[in-house]
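Q: just the structure for this:
(one chain, ligands or ions: 1)
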Amino acid sequence: MPRTLSLSIFASVLVLACQAPPADAPSKLQVDTFLDDYTEKLVELSYAADLADWDANTRIVEGDDSIVERQNEANAALAAFTGSQDGIEKTRALLAHRDTLEPLQVRQLEKILYRAANNPQTVPELVERRIVAESAQVQKLFGFDFQIDGKSVSANDVDRILTSSRDLGERLAAWDASKEVGKGLKDGLAELVELRNGTVRALGYGDYFEYQVSDYGMTVEEMTALTERFVRELWPLYRELHTWARHELAARYGEEVPELLPAHWLPNRWGQDWTALVTVEGIDLDSRLAEHTADWIVREAESFYTSLGFDPLPPSFYERSSLYPPPPDAEYKKNNHASAWHLDYGQDIRSLMSVEPDERWWATAHHELGHIYYYMSYTRDEVPVLLRRGANRGFHEAVGTLLGMASMQKAFLEAKGLVAEGTKTDEIQSLLKEALDSIIFIPFSAGTMSHFERDLYAGLPKDEYNARWWQYVRDFQGIVPPTERGEEYCDAASKTHVNDDAAQYYDYALSQILVYQLHNHIAEKILHQDPHNTNYFGRKDVGQFLASILEQGATADWRELMREKLGEEISAAAMLTYFAPLTEYLKEQNEGRTYTLPESPGV
Ligand SMILES: [Zn+2]
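A: Prediction:
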């Protein structure tokens, strides 16, 4: 629990003891007026900042700095407002009376304080130093000159070697090269830890990790227990995959089967995604979709949602979005990374994509519209602007991913006429490939990353960074470094998020787990279909179920929401059920092999 909470309870106890509370407590009208004024200003400033950000992402003109200047100005004005000393003091004073306030008021005030802690004007010099240090760190990370045998290579070159080379010498050189970047980031990371902690301590949080976790309404201990439960729940399957991979890769490289997996044997720099280990002849949509236009793809994605009972997209969505690649003769460039935007917390909803008629954009368009429909669902009078967000940080992504996944299910594609009826796919190999993505990711995200960052912000000494990192990699992932990794390295810092998206990597784990929980619920309880082959299209009952979650935004505690809508706690059990046929298959494959991971995780 954030320290602000215990402090304010303490403060209100003091007030109770010394004064008559009713006279002192703010009236409902006073609190509402404060929230209304805050919200009005927030919408104005964040709309200006989002519009500038939008232009900076959709119309990149070389040599034209005017958009960037506008962007910097608008974001500085927004930060000055959300972090203002006056706002912080008023919010804390009101929260001191949390017991007399309405739950929705408390939730909004907490969001104000959470936002303020990112850039509190109570410690302006600290905030400024942090922003400078963050951008220096990011520049060092992305500007790093990776080298193999003295020759510069790109990060993509490194990844290509790790996903495809069978030459262990070449793999080791690529892996080593990828970790060199950490050396130069270590001091910067240590400085950022101090600055981030200092910034949030100004608002009473114990450290930056505690601050980030508080957005879930949880303590660090609760989040740690939750992430460890995820790892434990999936361990039986992870252990099978680990055993299978040790043998599979040893055969592939012509080596003895190792005790634990050498990091450079795996197709990803952090061992977080092993999908490149298998190739599956799956569904190929590209040739069918090539017969259509990019616009058709977006309209089809919209029709998927309207078939579930959601409203059509507002005309302004099509007018204002940037949905397609710029024409070849365009005098501007745009960001190619797909995203969904809610610019004014109201009706101005847009998506940035570069849709082309192919399989990737088919799934991506359905995914991005998932975010768009989430925005549309909670944009209603009953949901205050400050609570127009996902039920927690992981929810928004889970909803996008769920509907992107639904758009790729064979039964749906057959019904759409995009895949020939009765098309054969290798189901076990498809399931294996899916597990090498989603199951493999959990010990890394919920285990290694979340535990390392927790320790980092709790004061892990700088000369223990690398040892602690590898201890977690070994315990959670069963992976070991190929060479001696002394403290001159800082292998954790080779991961982007450790530098510039700090202390929230468990978001991805929660999100992944939620996807399967929601999908299994829909398949089994609503559709009564095989979760591996569903068709959501046209099912108003599925739409109603989703809408009943989406329309609440962040007005309810996400754990209560799950209990109410799914009838269960968040749990990786749904994933384990989904992958049960794979677990059986792997047990057969692994028969007679030695398992080197313990029966339950050692952490
Ligand atoms: Zn997304």
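Q: pLDDT on stretch 436-445, on average?
A: Taken as a whole, stretch 436-445 has an average pLDDT of 98.
Q: show residues contacting it.
A: Residues outside stretch 436-445 that contact it (C-beta atoms under 8 Å, 6 or more residues apart in numbering): 230-231, 234, 237-238, 241, 270-275, 277-278, 476-477, 505-506, 508-509, 512-513, 516, 572, 575, 579, 601. Glycine gets a C-beta too; all of them are placed from N, C-alpha and C.
Q: nearest to the ion within the stretch 151-300 of the chain, name that residue for me.
A: residue 298 (15.8 Å; C-beta to the ion).
Q: buried residues, the helix or strand hosting that residue. List them.
A: According to DSSP states H and E, residue 298 maps onto helix 294-307. Neighbour-count burial for helix 294-307, with 16 or more other C-beta atoms under 10 Å as criterion, is recorded at 294, 297-298, 300-302, 304-305.
Q: I'd like to know which elements that helix is packed against.
A: helix 359-378, helix 393-406 (3 or more C-beta pairs under 8 Å, 6 or more residues apart in numbering; DSSP states H and E).
Q: 10 Å instead?
A: Helix 294-307 is packed against helix 286-289, helix 315-320, helix 359-378, helix 393-406, helix 410-416, helix 540-550, with contacts defined by 3 or more C-beta pairs under 10 Å, 6 or more residues apart in numbering; DSSP states H and E.
Q: how far away is the residue lying closest to residue 334 once chain neighbours are set aside from residue 352?
A: Spatial nearest neighbour of residue 334, chain neighbours left out: residue 58 (5.0 Å); criterion: C-beta to C-beta, 6 or more residues apart in numbering. Residue 58 sits 6 Å away from residue 352, going by C-beta to C-beta, to the nearest Å.
Q: which residues do these two both contact?
A: Common contacts of residue 58 and residue 352 (C-beta atoms under 10 Å, 6 or more residues apart in numbering): 321-322, 334-335, 341.
Q: from those residues, list just the buried residues.
A: With burial judged by 16+ other C-beta under 10 Å, the buried subset of these is 321-322, 334, 341.
Q: determine which two of these are furthest apart.
A: Across these, no pair lies farther apart than 334 and 341, at 13.3 Å, counting by C-beta to C-beta.
Q: quick check, the residue in the stretch 51-200 of the chain closest to the ion?
A: In the stretch 51-200 of the chain, the residue that lies nearest the ion is residue 57 (15.2 Å; C-beta to the ion).
Q: count the neighbours of that residue for me.
A: 18 (other C-beta atoms under 10 Å).
Q: residue contacts, the nearest residue to it once chain neighbours are set aside?
A: In this structure, residue 57 finds its nearest non-sequential neighbour in residue 335, 4.3 Å apart by C-beta to C-beta, 6+ apart. Residues in contact with residue 335 (C-beta under 10 Å, 6+ apart) are 56-58, 60, 322, 352, 354.
Q: check whether residue 335 sits in a helix, strand or coil.
A: Per DSSP: H, G, I helix; E, B strand; the rest coil, the local secondary structure of residue 335 is coil.
Q: quick check, central residue of the chain?
A: Geometric centre of the chain, nearest residue: residue 508, 4.0 Å, by C-alpha atoms, centre = their mean.
Q: quick check: residues of the stretch 351-500 of the chain near the ion?
A: Taking C-beta under 5 Å from the ion as the contact definition, the stretch 351-500 of the chain meets the ion at 397, 400.
Q: make JSON lines out of the buried ones among the shared contacts of residue 58 and residue 352 and add pLDDT and distance to the ion.
A: As requested, those are exported to JSON lines (pLDDT from 0 to 100; distance: C-beta to the ion, whole Å):
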{"residue": "321", "pLDDT": "98", "distance to the ion": "15"}
{"residue": "322", "pLDDT": "97", "distance to the ion": "16"}
{"residue": "334", "pLDDT": "91", "distance to the ion": "18"}
{"residue": "341", "pLDDT": "98", "distance to the ion": "12"}
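Q: okay then, goodbye and thanks.
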